[in-house]
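In: What follows is a predicted structure for the sequence shown.
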Amino acid sequence: MATYSVNKAAVAHCRELIEKKQYVLDSDWGDVQPGADDQNAYLDKHSWDEYAAWHLGLTEGAHDETKARYAFVYGDLRRVHRTALIACVYRASEWRHKEVELAAHDLLQLLDATSG
């Protein structure tokens with residue numbers, strides 16, 4: 001099983017988006033999460049650092065500037081999705097990636113407090 005470290009730049013980016021109210025509170029994450037085509041289109045116009053900023057986890061041992069390096073996406077590459085943060089908490093908890101779980105949980109709490 002892969003191991004992950006927390007992507008601190010992504011945590012900061014997510015916090016910034018929440019503070020700017022760039023979020024969606026109710027969505028079906030299974031329908032709106034970015035697929036391979038969405039990710040490729042994003043990478044055509046953005047840097048790998050910008051792409052990485054949408055992922056709370058960094059896969060240990062995977063090379064930078066590969067999709068395999070980045071995990072636990074928390075938005076649609078435009079806005080934070082509350083359901084994505086819930087999915088990150090759940091998936092990280094399920095596979096015992098405690099640091100990613102706690103980072104996602106803290107961001108979810110911030111989003112809930114900010115959105116009222």
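Out: That came through, no problem. Computed from a predicted model, the values in this text were never measured in an experiment.
In: Please count neighbours and contacts with C-alpha atoms only from this point.
Out: Will do.
In: So which residues of the protein form strands?
Out: Assignment of strands within the chain using DSSP state E yields the ranges 4-6, 23-24, 55-59, 70-73, 80-81.
In: could the ones you listed be laid out in a markdown table, adding mean pLDDT?
Out: Formatted as a markdown table, the strands of the chain follow (pLDDT from 0 to 100):
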| stretch | mean pLDDT |
| --- | --- |
| strand 4-6 | 98 |
| strand 23-24 | 98 |
| strand 55-59 | 98 |
| strand 70-73 | 98 |
| strand 80-81 | 98 |
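In: Tell me which of those lies nearest to G116.
Out: Set against G116 and scored by C-alpha to C-alpha, the strands of the chain come closest in strand 23-24, at 12.7 Å.
In: And the closest one, what does it pack against?
Out: strand 80-81 (3 or more C-alpha pairs under 8 Å, 6 or more residues apart in numbering; DSSP states H and E).
In: which strands and helices sit next to the strand it packs on?
Out: Short answer (3+ C-alpha pairs under 8 Å, 6+ apart): strand 80-81 packs on helix 8-19, strand 23-24.
In: How far off centre is the last one?
Out: For strand 23-24, the gap between its own C-alpha mean and the chain's C-alpha mean amounts to 13 Å (C-alpha atoms, centre = their mean, to the nearest Å).
In: contacts for that strand?
Out: L17, R79, V80, H81, R82 (C-alpha atoms under 8 Å, 6 or more residues apart in numbering).
In: one more time with 6 Å, if that's ok
Out: Applying C-alpha atoms under 6 Å, 6 or more residues apart in numbering, the external contacts of strand 23-24 come out as R79, V80, H81.
In: same check, this time on the first one
Out: Under the criterion C-alpha under 6 Å, 6+ apart, residues A53, W54, H55, L56 lie in contact with helix 8-19.
In: By neighbours, which of those residues wins?
Out: Comparing the contacts of helix 8-19 on neighbour count, L56 comes out first with 29 neighbours (neighbours: other C-alpha atoms under 10 Å).
In: re earlier: could you export the contacts of helix 8-19 as CSV, including distance to H46?
Out: Shown next, in CSV, are the contacts of helix 8-19 (distance: C-alpha to C-alpha, whole Å):
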residue, distance to H46
A53, 11
W54, 12
H55, 14
L56, 18
